[in-house]
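1. using only what follows, build the 3D model:
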Amino acid sequence: MMRTAALFLLLNLWVAGQALKCAEVPGRLKQIDAGNGQVFGVCPKGEIFTLYASSFIRLTGSLKHVSVGPAGVWGVNQTNQIHKLVKGDWVTVPGLLRQVDAGGKLFVAGANPGGVVFCLGEEATTKFAGPGSPASWTQLPGKLRHYSCGPYSCWGVNAADEIYVMKGVTPTACAGSLEWEQISGSLNVIEVSTDGKVFGVNADGDVYQRRVQVFIPMPKSTPSSSKDVVK
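-> Sure, this is the predicted structure:
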């Protein structure tokens, strides 16, 4: 999720005591997602873009949220309808989600407008091609505002910015253990990368990375003190 007018491309992740090195990329996006070496984003008007070489190329359609990962390219529009990019065209998927994530290992997941969490297993995710394709969503317990999956686990935050993790997720068991583990700390949004790294942003816009069982702040210029660690 972008909170600034400008779009930034992360060139080097923070490594013990070093500052982030970012370069500004021309354009304006309100939401952006990266996975499997691809970058997709949505501008304030709902127009969809993908990064090709060094330029953002506009795609057809309109979305409020887009996600790219091992499960393909998925998105939701202003009326919470779910879409999948199939051979260059957006096809509508049964169901309603306010946010969708394609970072799971060949499965997608997300939260609906009421905060109910769902996931779609590998077979339905990979084979969905349009009308007539099955799409049987699995409901998870509890409610979350934002839900993101990686190869090993899925993470989410609720309306109170509390952090939760669902372990045991697999392509054929996308709901995992069905037992939430609460993680201490407070984040407004959370994302899991394709390689399983976990990042989050708090209500003040500070960026954190999960390292050695705690969320470590990613400094803008100099290392943050230990008091800034979200455990």
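
2. quick check: L144 touching G115?
-> Yes - with contacts counted by CB atoms under 8 Å, L144 reaches G115, the gap being 5.9 Å. Just so you know, the C-beta spots here come from the backbone N, C-alpha and C atoms, and that holds for glycine as well.

3. more crowded one of these two?
-> L144 (25 against 16; other CB atoms under 10 Å).

4. what lines up beside the helix or strand containing S148 in the sheet?
-> In the assignment (DSSP states H and E), S148 maps to strand 146-149. According to DSSP bridges, strand 146-149 forms sheet pairs with strand 153-157 (antiparallel).

5. if we can go back for a sec, common neighbours of L144 and G115, please.
-> By CB atoms under 8 Å, 6 or more residues apart in numbering, L144 and G115 have these common neighbours: N158.

6. what sits opposite the nearest residue to L140 once chain neighbours are set aside in the beta ladder?
-> Distances taken as CB to CB, 6 or more residues apart in numbering put V117 closest to L140, at 4.2 Å, once the chain neighbours are dropped. With DSSP bridges as the criterion, V117 is bridged to A111.

7. hmm, Q139 and V117 touching each other?
-> Yes - V117 lies in contact with Q139 (CB under 8 Å); the separation is 7.2 Å.

8. between the two, tell me which one has more neighbours.
-> Ranked by neighbour count (other CB under 10 Å), V117 and Q139 place V117 first, with 26 against 10.

9. what's the spacing between the more buried one and G176?
-> Per CB to CB, to the nearest Å, V117 is found 11 Å from G176.

10. any common contacting residues for those two?
-> Joint contacts of V117 and G176 (CB under 8 Å, 6+ apart) are L140.

11. sorry, back to before: how far does the strand holding S148 sit from its chain's centre?
-> Here strand 146-149 shows a centroid-to-chain-centroid distance of 6 Å under the convention CA atoms, centre = their mean, to the nearest Å.

12. quick one, helices of the chain?
-> With helices called from DSSP state H, the chain shows them at 122-127.

13. residue ranges in it under the pLDDT threshold?
-> Low-confidence segments of the chain (pLDDT under 70): 1-21, 219-231.

14. how long is stretch 76-86 end to end?
-> One end of stretch 76-86 to the other measures 15 Å (CA to CA, to the nearest Å).

15. now do the buried residues in it.
-> Using 16 or more other CB atoms under 10 Å as the test for burial, stretch 76-86 gives V76, N77, N80, Q81, I82, H83, K84, L85.

16. can you pull the contacts of the fourth one?
-> Contact criterion CB under 8 Å, 6+ apart gives T92, L96 as the residues in contact with Q81.

17. so how far is V39 from it?
-> 23 Å.

18. and for the fifth one?
-> Computed with CB to CB, the distance linking I82 and V39 is 21 Å.

19. follow-up on the earlier one: contacts for the strand holding S148?
-> With contact meaning CB under 8 Å, 6+ apart, strand 146-149 is reached by 99, 101, 103-105, 107, 109-111, 117, 119, 154-157, 169, 174, 189-192.
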